[in-house]
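Colleague: please find the sequence and the predicted model below.
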Amino acid sequence: MESGSSPTSGPCWAPGYGHRTHATPPIGFRFRQSPEDFVVEELRHSEPETEGTHVWFEIEKRNLSTVEATRRLGKALERKDSEFGFAGRKDSKAVTRQWMSLEHVEASAIEALEIPGLRVLRSRSHNHKLRVGQLIGNRFRLVLRDVSPAGFEEMQASLATLAESGLPNYYGAQRFGRHGLTYRLGRAYVKGDYREYLLALASAEHSASSPALDELHQTIAHGTKADQRRLSRLVPDLDSDLSQVARQLSRRPLDLGRAARAIPKRSRQFHISALQSRVFNRVLSGRISDLECVRAGDVVFVHAKGAAFLADDVAELAPRAAAFEVSPSGPIPGTSTLLAGGAQAELEAAALAAEGLATEDFGKIGFGLDQRGARRPLRVPVTEVDLSFAEGVATLGFALPKGCYATSVLEELRKDHIGG
């Protein structure tokens with residue numbers, strides 16, 4: 001069942017989910033009883049510059065997603081959400097500290113903001129916009145409650161396993177939307193099925209239910225040209241993405257492709273990324289038993305440089321893998337993704353085929369969206385591990401490289417998802 005999970009399939013966003021800590025039983029605990037139980041801090045290479053037309057500012061937000069934070073900032077400063085730069089999306093039910101940027105604004109105006117759930121910590125001038133991925137990682141502090149003494153010992157054992165062999169680098173549930181099904185939008189868009197794409201987006205599966213949403217869905221599904229011309233009246237009652245759909249269909253009724261492309265680029269890219277992430281998760285699930293081994297045909301990821309190359313001398317790479325200098329990688333599918341060989345190539349092709357796709361399909365999306373693809377390590381190091389225990393409460397600190405999920409560490413402890 002795609003809408004959920006089962007003991008044999010794993011979660012819908014990672015079919016066949018597997019664990020590296022399979023020798024340790026599931027550990028019971030409660031998590032996220034308050035936002036302060038999950039604290040995240042961005043790790044940067046260096047401080048921003050002190051000159052330029054852009055202002056970089058560090059915020060601390062509580063119970064807010066990154067997107068909602070930019071919306072509130074934009075409203076307060078009378079600027080568009082898209083004008084803000086940030087390095088990565090952070091969890092909503094948490095206390096998180098991250099940098100953002102905005103051009104042509106006074107630093108004093110940003111520092112003087114008073115916004116519920118958000119405060120500005122400091123600001124610097126810089127010569128360019130903050131871009132996605134422009135960080136080295138994140139540091140986490142998690143509070144786990146109702147942990148038994150035996151559970152704490154098992155927690156220590158699991159963390160020791162991860163420190164030795166690495167953390168399976170799954171994309172977490174938050175990558176896939178509130179029901180875990182955002183990849184369906186990406187699949188429809190990549191395949192050029194704009195009717196399916198718009199109908200799915202205009203459904204309670206992906207958007208907040210409302211009379212306006214229901215009417216938009218019905219009009220896309222069954223409406224005439226005249227019906228679609230009248231959709232502009234729904235614009236005030238729809239979210240920002242769907243209001244663009246309604247506005248575009250009222251101007252050019254029945255042109256579903258143009259309506260799909262009217263959705264902001266950032267949203268469409270997110271939908272496509274969810275699809276790419278599901279393909280990667282499929283590959284990772286199929287390789288879970290030997291993440292620390294480089295084998296013939298692997299595309300090898302160099303952790304210090306972020307570079308990737310096709311393995312030729314497996315024996316020479318073995319000690320580098322043991323030292324965590326390199327790891328096997330999986331595909332973020334796209335037109336320029338470096339392809340694996342041998343058994344790994346078969347695994348990656350099967351993951352794409354399971355979505356009804358081939359690599360060349362990503363070359364058809366066009367219109368300024370990133371279709372190049374990349375490689376992502378199948379495992380990552382867990383560093384700065386700090387674990388303490390008192391009166392049933394475990395406090396766990398650690399750092400992960402950028403793009404990695406703290407929830408993957410928790411999953412290795414609690415094992416909510418049991419794959420095939």
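Modeller: The structure has been received and is ready for your questions.

Colleague: got the buried residues for the one helix or strand E215 maps to?
Modeller: Element membership for E215 (DSSP states H and E) is helix 211-222. Across helix 211-222, burial judged by 16 or more other Cβ atoms under 10 Å covers 212-213, 215-217, 219-220. Placement of C-beta: from N, CA and C, glycine included.

Colleague: now flag whichever of those is closest to L238.
Modeller: A212 (5.4 Å; Cβ to Cβ).

Colleague: sorry, back to before: just checking, next helix/strand downstream of the helix holding E215?
Modeller: helix 225-229.

Colleague: and the helix or strand containing L352, how far out from the chain middle?
Modeller: Assigned by DSSP H and E, L352 belongs to helix 342-353. Centroid separation for helix 342-353 versus its chain: 23 Å, with Cα atoms, centre = their mean, to the nearest Å.

Colleague: what residues of that helix count as buried?
Modeller: 344, 347-349, 351-352.

Colleague: can you show me the helices along this protein?
Modeller: Residue ranges of the helices in the chain, as given by DSSP state H, are 66-77, 107-111, 149-165, 182-190, 194-201, 211-222, 225-229, 240-251, 256-261, 265-286, 314-322, 342-353, 406-414.

Colleague: would you format those helices as TSV with mean pLDDT and distance to A14 included?
Modeller: Shown next, in TSV, are those (pLDDT from 0 to 100; distance: least, Cβ to Cβ, whole Å):
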stretch	mean pLDDT	distance to A14
helix 66-77	94	22
helix 107-111	95	38
helix 149-165	95	17
helix 182-190	96	10
helix 194-201	97	20
helix 211-222	97	29
helix 225-229	97	38
helix 240-251	97	25
helix 256-261	96	27
helix 265-286	95	4
helix 314-322	95	23
helix 342-353	96	11
helix 406-414	96	10
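
Colleague: nearest to R372, of those?
Modeller: Comparing the helices of the chain by Cβ to Cβ, helix 265-286 comes nearest, at 10.8 Å.

Colleague: mind giving me the packing neighbours of that closest one?
Modeller: Contacts defined by 3 or more Cβ pairs under 8 Å, 6 or more residues apart in numbering; DSSP states H and E place helix 265-286 against helix 182-190, strand 326-332, helix 342-353.

Colleague: of all these, which one comes closest to G297?
Modeller: G297 lies closest, by Cβ to Cβ, to one member of those: helix 342-353, at 2.8 Å.

Colleague: helices or strands up against the closest one?
Modeller: For helix 342-353, the packing partners by 3+ Cβ pairs under 8 Å, 6+ apart come out as helix 265-286, strand 326-332.

Colleague: CA atoms of the shortest one as CSV?
Modeller: Pointing back at strand 326-332 there. C-alpha atoms of strand 326-332 as CSV (Å, rounded to 0.1, in the frame of the first residue of the first chain):
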residue,chain,number,x,y,z
VAL,A,326,35.0,7.0,0.4
SER,A,327,31.7,5.2,0.2
PRO,A,328,29.5,3.6,-2.5
SER,A,329,26.8,6.0,-3.8
GLY,A,330,23.3,5.9,-5.2
PRO,A,331,21.7,8.0,-7.9
ILE,A,332,19.8,11.2,-7.8
